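# Just a sequence and a predicted model for now, questions to come.
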Amino acid sequence: MSTRVLYLFICGAGSANHIIEMIALAHADGWSVHCVATPAAVEHFLDISALEEATGHQVRTTYSKPGDESLPSADGVIVAPATYNTINKWAAGSADTYALNQLAELTGLGLPIVVLPFVNQALAANRIFHQSVDELRQVGVRVLFGPGEFEPHPPRTGNQVLDTYPWALALKALNEQATA
């Protein structure tokens, strides 16, 4: 039996400090995890060596160079934690980082993609954010935002909700999409 390949896109939000939890859940569910990190995630939240040890693969942060490990074809994609910035730029078609370029391409390929936001209530209250979530949903991306899914926390309380961030919800939604 071949292992399913998961691309895990990691954005610069507090819950990125706990990304190993998502990787462990995915491994337990039979996924081979390949991480792609945004510049903010790398600069402020991630231990790249620990991620590479946990996944057994190079973490991608930019376009490949000669000698870099090539990414295998993905069976599914999770974007978590997905920030306000990444969600809005992706929905608007921006491809000014490696991660956004890859997300644009993967969306166009029609792969199962699940987004688990990490935004506070003030950011989530912006009309543009709701438009971006709607835009991504219209092109087939499963955005876990709303009652029973990810519900935003009050501003400046993100550190208080890190232990309850619903990593498993993203994996469950991806499995449902991948088998549909």
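On my side now, so go ahead. Since this is a predicted model, take the numbers as computed values, not measurements.

# buried stuff in stretch 97-110?
Within stretch 97-110, the residues that qualify as buried are 97-100, 102-103, 106-107, counting by 16 or more other Cβ atoms under 10 Å. Yep, even glycine has a C-beta here, placed from its N, CA and C like the rest.

# got TSV for these, with secondary structure, distance to residue 56 and pLDDT too?
What follows is the buried residues of stretch 97-110, written out as TSV (DSSP: H, G, I helix; E, B strand; the rest coil; distance: Cβ to Cβ, whole Å; pLDDT from 0 to 100):
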residue	secondary structure	distance to residue 56	pLDDT
97	coil	24	94
98	helix	21	95
99	helix	20	97
100	helix	25	97
102	helix	20	96
103	helix	23	98
106	helix	21	97
107	helix	27	97
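
# Closest one to residue 162 out of those residues, please.
Closest approach between these and residue 162, by Cβ to Cβ: residue 99, at 21.6 Å.

# measure the closest one to residue 39 for me?
To residue 39, residue 99 is 8 Å away according to Cβ to Cβ, to the nearest Å.

# Contacts only, for the residue nearest to the spatial centre of the chain.
By Cα atoms, centre = their mean, the chain has its centre lying nearest to residue 79, at 1.3 Å. Residues in contact with residue 79 (Cβ atoms under 8 Å, 6 or more residues apart in numbering) are 9, 11, 86, 103, 113-116.

# between the residues you listed, which is nearest residue 60?
Nearest to residue 60 among the contacts of residue 79, counting by Cβ to Cβ, is residue 9 at 9.6 Å.
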